[in-house]
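Novice: Below is the structure, and that's it, no one-letter string:
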């Protein structure tokens with residue numbers, strides 16, 4: 001399995017996003033983090049199954065939230 005490293009500033013942004021969703025609706029922030037975790041696990045397990053975007057960079061779309069990993 002491949003290792004995924006999340007930059008500290010990206011982690012701060014993810015936590016702020018989860019808080020934003022949590023303030024809009026109870027448990028929505030937690031659902032955001034769960035969906036993100038599922039996406040990261042898929043990337044970790046099969047990194048080359050995602051669409052190429054630029055050079056060697058690929059992307060995974062979250063289904064419920066407007067975010068790309």
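Specialist: Sure, I can see it. Remember, it's a predicted structure, so these values are computed and weren't measured experimentally.
Novice: gap between the residue lying closest to residue 50 once chain neighbours are set aside and residue 11?
Specialist: Nearest residue to residue 50 in three dimensions, chain neighbours excluded: residue 58, at 4.0 Å (C-beta to C-beta, 6 or more residues apart in numbering). Every residue, glycine included, has its C-beta placed from N, CA and C. From residue 58 across to residue 11, the span is 20 Å (C-beta to C-beta, to the nearest Å).
Novice: between the two, who's got more neighbours?
Specialist: residue 58 (15 against 10; other C-beta atoms under 10 Å).
Novice: Does that one touch residue 46 like I think?
Specialist: No. The criterion here is C-beta atoms under 8 Å, and residue 58 misses it with residue 46 at 10.4 Å.
Novice: show me where this structure has strands.
Specialist: 51-54, 57-59 (DSSP state E).
Novice: mind checking how far the residue of the chain most remote from its centre is from residue 28?
Specialist: In the chain, the residue that sits farthest from the middle, by C-alpha atoms, centre = their mean, is residue 55; the gap is 20.3 Å. To residue 28, residue 55 is 34 Å away according to C-beta to C-beta.
Novice: Repeat that for residue 57.
Specialist: 29 Å.
Novice: who's more crowded, these two?
Specialist: residue 28 (15 against 9).
Novice: okay but the more buried one is in contact with residue 22, surely?
Specialist: Yes. Using C-beta under 8 Å, residue 28 is in contact with residue 22, at 6.0 Å.
Novice: Who are the contact partners of residue 42?
Specialist: The contact partners of residue 42, by C-beta atoms under 8 Å, 6 or more residues apart in numbering, come to 49, 60.
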